[in-house]
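Q: build the 3D model from these lines:
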Amino acid sequence: MTKKELAKEVIARLKQEYPESDCSLDYDDAWKLLVSVRLAAQCTDARVNVVVKDLYAKFPTMESLAQAPVDEIEELVRPCGLGRSKARDIKACMQMLIQDFGGKVPDNMDDLLKLPGVGRKSANLVMGDVYGQPAIVTDTHCIRLANRIGLVNQIKDPKKVEMELWKIIPPEESNQLCHRLVDHGRKICSARTTPNCEFCVLNDICRKRI
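A: Next comes the predicted model:
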């Protein structure tokens, strides 16, 4: 089985297993997704979803966050870890969105990467979930599962994994596949415990098993 054939089968099986997969970060505006994905670094999405409620209760708009003292943002986001750096990035990001992009979150990789605290993973998430563009979000689940399944061979660098996956994943399937990999990683193919291979829908095609 070639990698393209493997990818096609993985996509089909995970689509059937997780038909409703979606972004697990709560947001109702593109700029809020940028805030949440910055807070999610080394933090669970579930905790981020709780923390942002208090953050937006005090600073409900892009403008209010851009004007907020870093110390006050830091106090609210501290439960997510790395509070100081995340607070600085969030404030600077909101300021740049207002000053350089007219308050609109960019829809392309080049401009998104100009924003403080935004890397390729965050940019891809925005392009895929907000703008419906083809996007591969190489978070820890995606990297771990892509290697275990055999879609990539012993590659840990997020950008390199992304580039390899683009070679074998149809663009129209890319965004949802990444969400399904997250769900599968949380439910079955865990990083912290022995994977539940006996319950895995990819059991007979996964490189780890054959």
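Q: quick check: longest helix of this protein.
A: Looking across the chain with DSSP state H, the single longest helix is helix 83-101.
Q: can you pull the buried residues of whichever helix or strand comes after it?
A: Using DSSP states H and E, the helix or strand that follows helix 83-101 in sequence is helix 109-112. Buried residues in helix 109-112, counting neighbours by 16 or more other CB atoms under 10 Å, are found at residue 112. Yep, even glycine has a C-beta here, placed from its N, CA and C like the rest.
Q: avg pLDDT for helix 109-112?
A: Helix 109-112 shows a mean pLDDT of 98.
Q: repeat for stretch 45-59
A: If you average the pLDDT over stretch 45-59, you get 98.
Q: can you list contacts of stretch 197-209?
A: Under the criterion CB atoms under 8 Å, 6 or more residues apart in numbering, residues 1, 6, 9-10, 13-14, 16-17, 148-150, 184, 188-189, 195, 210 lie in contact with stretch 197-209.
Q: tell me which of those fall in strands.
A: Members of these lying in strands (criterion: DSSP state E): none.
Q: picking that back up, so what touches the longest helix of the chain?
A: The set of residues external to helix 83-101 that reach it, using CB under 8 Å, 6+ apart, is 31, 34-35, 38-39, 41, 62-63, 65-66, 68, 70-71, 73-75, 77, 80, 103-105, 111, 114-118.
Q: rewinding a little: filter the contacts of stretch 197-209 to the buried ones?
A: Buried subset of the contacts of stretch 197-209 (neighbour count, 16+ other CB under 10 Å): 6, 10, 13, 14, 17, 148, 149, 150, 184, 188, 189, 195.
Q: now do stretch 16-31, average pLDDT.
A: Averaged across stretch 16-31, pLDDT comes to 97.
Q: list the buried residues in that stretch.
A: 17, 18, 21, 23, 24, 25, 27, 30, 31.
Q: same question for stretch 100-115.
A: So for stretch 100-115, counting by 16+ other CB under 10 Å, buried means 105, 106, 112, 115.
Q: I'd guessed residue 108 sits against residue 127; true?
A: Yes - using CB atoms under 8 Å, residue 108 is in contact with residue 127, at 7.4 Å.
Q: would you map the helices across the chain?
A: For the chain, helices defined by DSSP H occupy the ranges 3-17, 30-39, 45-58, 62-67, 70-77, 83-101, 109-112, 120-129, 140-149, 158-166, 171-187.
Q: now distance to residue 206 too, for those, in TSV please.
A: Putting the helices of the chain into TSV (distance: least, CB to CB, whole Å) gives the following:
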stretch	distance to residue 206
helix 3-17	9
helix 30-39	29
helix 45-58	25
helix 62-67	43
helix 70-77	38
helix 83-101	35
helix 109-112	31
helix 120-129	24
helix 140-149	5
helix 158-166	16
helix 171-187	11
